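Student: Here is a sequence with its predicted model. Questions after.
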Amino acid sequence: MPRPAAAVGDGGGHEVHDGVREREIRGEQEHLDRVYRRLEEKIHEAEFLMADAAKRAQVGTPGALAERDAQVFRAGVHLNRLNSEFEDFLFGRIDLLRGKDGERGPDGAYTSVEPADDAVRAGGAGTAAADISETLHIGRLGVLDADYTPLVIDWRAPAAAPFYRATPVAPGRVVRRRVIRSRGRRVLGVEDDLLRPELTAYLDGEELAVVGDGALMAALGRSRGHTMRDIVASIQAEQDEVIRAPAVSVTEVEGGPGTGKTAVALHRAAYLLYQDRRRYAGGILIVSPTPLLVSYTEGVLPSLGEEGQVAIRALGSLVEGAEADAYDEQAVARVKGSSRMVRVLRRAARGTLELGAPRAGGVPGRLRVVALGTRLELDADDLRRIREQALGGTAPVNLLRPRARRLLLDALWERSGAGRRYTDPELAAEARRGFDEDVSTETDFTGFLDAWWPELTPRRVLAAMADEKRLSRWARRVLQPREVRRLARSLARLDAGGSGPLSVHDVALLDELRVLLGTPARPRRREVDPLDQLTGLEELSTYADRLAARTARAERREEEERTDYAHVIVDEAQDLTPMQWRMVGRRGRQATWTVVGDPAQSSWSDPEEAAAARDEALGARPRRRFELTVNYRNPAEIAELSARVLALAMPGVRPPRAVRATGLVPRFATVADGSDGSDGSVGAVGAVGRAVRAEAERLLAEVEGTVGVVVAMGRREQARTWLAGLGDRVVPLGSLEAKGLEYDATLVVSPAEIADESPAGLRVLYVALTRATQRLTVLSREKDLPDAEGVPDLLRE
Ligand SMILES: Nc1ncnc2c1ncn2[C@@H]1O[C@H](COP(=O)(O)OP(=O)(O)OP(=O)(O)O)[C@@H](O)[C@H]1O
């Protein structure tokens, strides 16, 4: 950003001019005070309305009452948000030139983007001068003054767009963009960017002051905690375009590490809700790769004033009753993720039926009932024939049970010979009805049916696949024997009924099975939110309402996971396996989509197979592509190092441009593997463990915030032991878990080991090397072949 010659800055050689800064802060404080006064007035109005509500209840029309209630809630929500949630309610300001026309939008601001032709006049000595004609303050919610002039514009409103979009190349009407830092009701500081440095601009006859070193840099330099922060105060132009892109069909966003893809996805969810709340009442689903990333990002939407309609779910938690965060080894994950599994599961769903109910001791060989005074029997051949007949076609197995039941009754009726005794069809039909009723309520029959055609659960089928012989039958000509063995072994964690721990990749299999098996219709409880009924708008709830709603939602989720959303956002989309794409695709059949990812960070071994699955999930919908090009996370020194791995992993792919440099080069350390148990059992702390701990301690002393220690997936348990007792600023992570996260400092342990762990290992290493916002240490072992400086083979130029 260009700096004006007379800037008042914190550093960078600018003269510090406290008088100007204080005056500017005082000015913003006055404005914030006005905003709060106005809000308090609205609260009083709301309280008056509430008190008045009971009296008026008799006379108002339903529409008027609903409108009044809406006002009460709206005022209440402002107060609640102000008092309990937002640190920096008001965060931005733009000072604008006069626009081309005098039109105002619904938020009270002038709508013209371009300045009027005569907005700029000649100043002295060949310079240009202009007057500021409009000043807008931007915040998390819109607030109007009593005379409807805007005191604060909602960041998502059209009038706020220039705050994010204006650049020195295309400034539009914006002369100065200011970010205001406040806590509670106190303004702490301001940071300005001058968009038209060539102008001398005047506000109320005084020259416009410019304070600070720019908000973006201030935000990026701050140390990181365990949760992500919103970026409303410093969204950049290319990001803003994605956030506000119209939600038609599929919006695809690609960008390298740290370009703000996750942040943009979250802000887009908030924007879409603001812009068309009714349309998105059907819910927005955000799919995240790991539970760690879910909890890292969970706070952002509430800080933007949104949460009710948005569900953030990890891939392992998308299916009701499954909450998986364990990973299979890569070779197993590859099999489970492949779309070849669809055929295997289809056969397994039908094959499991033949095993009968687990507790009935296997499938019964014959059916015997007593009806019409005689004993009727169907033998194994009859039963096989009936089963085949019932299974004809592709309908879900569980839904075919009534058909199987009817075929059994037909066969028994036939065997009884009773049908032949009636010549009158009406009498025959009545006799048949009586027969069916008698037989189908007999315990011999119902018990048989339960054992012979049990209602299958997805877990039960998965458990049946743990038998290698059986599985190889179901996987014939689809999986190789080696793959069958691996798959069967990994499913042996489940007991016969299917209870037991699931892996993340099992969950997509469960979802596929859910569809293949079908769920027989059962009466369902439908809950109606009384607040929704009253106003039709969930935004009008109070904080307490929303807390209660959150609990209720969590409970409801236990009972029934929603499976169809109005908008689906997929984060880290490059990582979804074909089976996961099928699972996610089912949740947005009618939805619009935002798909966010970076192929260079893909940990899936077969990108082409994944791309085909993605195309299938998204269907033929038209797509609009965006690219993010600036890395806001890594300083240039770290970005440069990680680019070397990118060049190996994806030759020819350009890394994003780092937006800042810190002068802190990555540190290289080495450790001899030693023979003192470091590689052995969990708990043994050898040379490697000691070195990891020492390097982590060193980073802890150097940064204020978090330190991520990334190890190969196979060493996660060891890493926990190595780092025990260092406190919660240190986070041990397996390489696949690091996805999407960031830390002030990162320690990457043995690049070679991470790279060798899977066919996508180099890309996984690239992810690990791009997590740090300030400092990076790389610890090499012997297998990394470090040179004299400790730089491992993989990271040399
Ligand atoms: N405009 C911005 N202003 C301030 N901070 C930003 C901005 N854009 C991104 N950031 C910060 O940069 C970091 C990276 O953002 P984010 O995690 O969304 O990137 P990403 O593209 O999803 O990265 P990755 O692909 O590595 O997961 C975050 O700390 C985010 O807050």
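Tutor: Sure, I can see it.
Student: what stretches of this protein score poorly on pLDDT?
Tutor: Low-confidence segments of the chain (pLDDT under 70): 1-18, 46, 49-87, 107-108, 213-215, 307, 358-362, 521-562, 674-685.
Student: residues in contact with whichever residue of the stretch 551-700 of the chain sits closest to the ligand?
Tutor: Of all residues in the stretch 551-700 of the chain, residue 632 sits closest to the ligand, at 3.6 Å by Cβ to the nearest ligand atom. Yep, even glycine has a C-beta here, placed from its N, CA and C like the rest. Residue 632 makes contact with 216, 220, 236, 258, 259, 260, 659 under the criterion Cβ atoms under 8 Å, 6 or more residues apart in numbering.
Student: Now with 7 Å, please.
Tutor: Listed by Cβ atoms under 7 Å, 6 or more residues apart in numbering, the contact partners of residue 632 are 220, 258, 259, 260, 659.
Student: Residue 303 now?
Tutor: Residue 303 neighbours (Cβ under 7 Å, 6+ apart): residue 230.
Student: Could you report the distance from it to the ligand?
Tutor: 12 Å (Cβ to the nearest ligand atom, to the nearest Å).
Student: Kindly report the same for residue 746.
Tutor: For residue 746, the distance to the ligand (Cβ to the nearest ligand atom) stands at 12 Å.
Student: Equivalent analysis for residue 419, please.
Tutor: Counting by Cβ to the nearest ligand atom, the gap from residue 419 to the ligand is 69 Å.
Student: my guess is that residue is in a helix, correct?
Tutor: Yes. The assignment for residue 419, made by DSSP: H, G, I helix; E, B strand; the rest coil, places it in a helix.
Student: I'd assumed residue 429 was in contact with it.
Tutor: No. Shown here, residue 419 and residue 429 do not form a contact pair, counting by Cβ atoms under 7 Å, at 10.0 Å.
Student: Would you mind splitting the protein into its domains for me?
Tutor: Taking the TED database as the criterion, the chain consists of the domains 16-42+83-220, 232-325+562-628, 336-515, 636-675+685-795.
Student: The first one and the ligand, are they touching?
Tutor: I take that to be domain 16-42+83-220. Yes. Interface with the ligand: domain 16-42+83-220 contributes 216, 219, 220 (Cβ under 6 Å from any ligand atom).
Student: and the helix or strand where the second one lies, which residues are buried?
Tutor: In other words, residue 219. Secondary structure assignment for residue 219, by DSSP states H and E: helix 215-221. For helix 215-221, burial by neighbour count (16 or more other Cβ atoms under 10 Å) applies to 215, 216, 217, 218, 219, 220.
Student: Just send those residues back as a markdown table, with distance to residue 472 too.
Tutor: Formatted as a markdown table, the buried residues of helix 215-221 follow (distance: Cβ to Cβ, whole Å):
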| residue | distance to residue 472 |
| --- | --- |
| 215 | 61 |
| 216 | 58 |
| 217 | 60 |
| 218 | 61 |
| 219 | 56 |
| 220 | 54 |
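Student: State the pair within those residues that is farthest apart.
Tutor: Largest separation among the buried residues of helix 215-221 by Cβ to Cβ: 215 and 220, giving 9.6 Å.
Student: related to what we said a few turns ago, just the buried members of the contacts of residue 632?
Tutor: Taking 16+ other Cβ under 10 Å as the criterion, what is buried in the contacts of residue 632 is 220, 258, 259, 260, 659.
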